[in-house]
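1. 3D, please:
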Amino acid sequence: MQFRRNWEVHVPLRIIELQCWTLVWVYQWDRWEVPELDILVKYKEGTKRLRTPKHIHWVIDILIKKEHNRELTLNFLNYLYSHYENIDRFGDKNEQENCSIEFFTNEALSDFKDLDNYWEYSIEFIGCFLELFIRMEKNHPNPFVFKDLMETLIQEDDIFRIVSKATQNGR
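-> Numbering: from 1, shown residues only. Coordinates of the predicted model:
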């Protein structure tokens, strides 16, 4: 699915189909330290419009999941956080264009499937985006957003601090 921004047409490098009936589009983008390896992620659920995920979207979903199953949600967050160092930015153009989800696949996240019963996003959906977000973040010369946000969620900081981190209004 193409989209236009500033009169430029963007065509996806890759489309990832999730088992939760969501399509994820990965586009070439141009920010940070290595702009030629940067990506923009968008998704489409069923007949809904193409959307750009934001940190605040999945964070709200996680907070609601945590209200229903605190222990499993914290285990899920710790699992995600434990893989942060293993996920790196794209090494070259070929790796970027053929990107796939390696660490947070539906199978790898199967222990957390009960969380799918709460709120909107599936664990597969959250895992897919977080893996791509980590890759994007590590393209920045000083990555911090995702890692700081995960620490804030795991430490169960107050809602104001969490929202500040998720909306990138505070470091």
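2. all strands of the chain, in order?
-> Remark: strands assigned in the chain by DSSP state E are 3-5, 8-10, 12-17, 22-28, 39-45.
3. now those in TSV, with distance to F129?
-> C-betas here are computed from N, CA, C, even on glycine. Listed next are these as TSV, based on distance: least, C-beta to C-beta, whole Å:
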stretch	distance to F129
strand 3-5	18
strand 8-10	18
strand 12-17	10
strand 22-28	8
strand 39-45	7
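4. lowest-confidence stretch among the ones you listed?
-> The weakest mean pLDDT among the strands of the chain belongs to strand 3-5, with a mean of 80.
5. That one - contacts with which helices or strands?
-> Based on contacts counted as 3 or more C-beta pairs under 8 Å, 6 or more residues apart in numbering; DSSP states H and E, the elements that strand 3-5 packs against are strand 8-10.
6. ok, and what's touching the strand it packs on?
-> Here strand 8-10 makes contact (C-beta atoms under 8 Å, 6 or more residues apart in numbering) with 2-4, 27-28, 40.
7. just the buried members of the residues you listed?
-> 27-28, 40 (16 or more other C-beta atoms under 10 Å).
8. And those, which is closest to H83?
-> L40 (22.2 Å; C-beta to C-beta).
9. The closest one contacts R51, correct?
-> No. Counting by C-beta atoms under 8 Å, R51 is not a contact partner of L40; they are 11.9 Å apart.
10. Low-confidence ranges, the chain, go.
-> The chain contains residues with pLDDT under 70 at 169-171.
11. Spell out the residue ranges of the helices in it.
-> Using DSSP state H, the helices of the chain run over residues 55-68, 70-82, 93-97, 123-137, 145-154, 159-166.
12. And the closest residue to R4 other than its chain neighbours, how far from M1?
-> Leaving out its chain neighbours, the residue that sits closest to R4 by C-beta to C-beta, 6 or more residues apart in numbering is H10, at 7.3 Å. Per C-beta to C-beta, to the nearest Å, H10 is found 10 Å from M1.
13. more neighbours, those two?
-> Taking other C-beta atoms under 10 Å, H10 and M1 do not tie; H10 has more neighbours (17 against 12).
14. Look up the residues forming beta bridges with the more buried one.
-> In this entry, H10 is beta-bridged to F3, by DSSP bridges.
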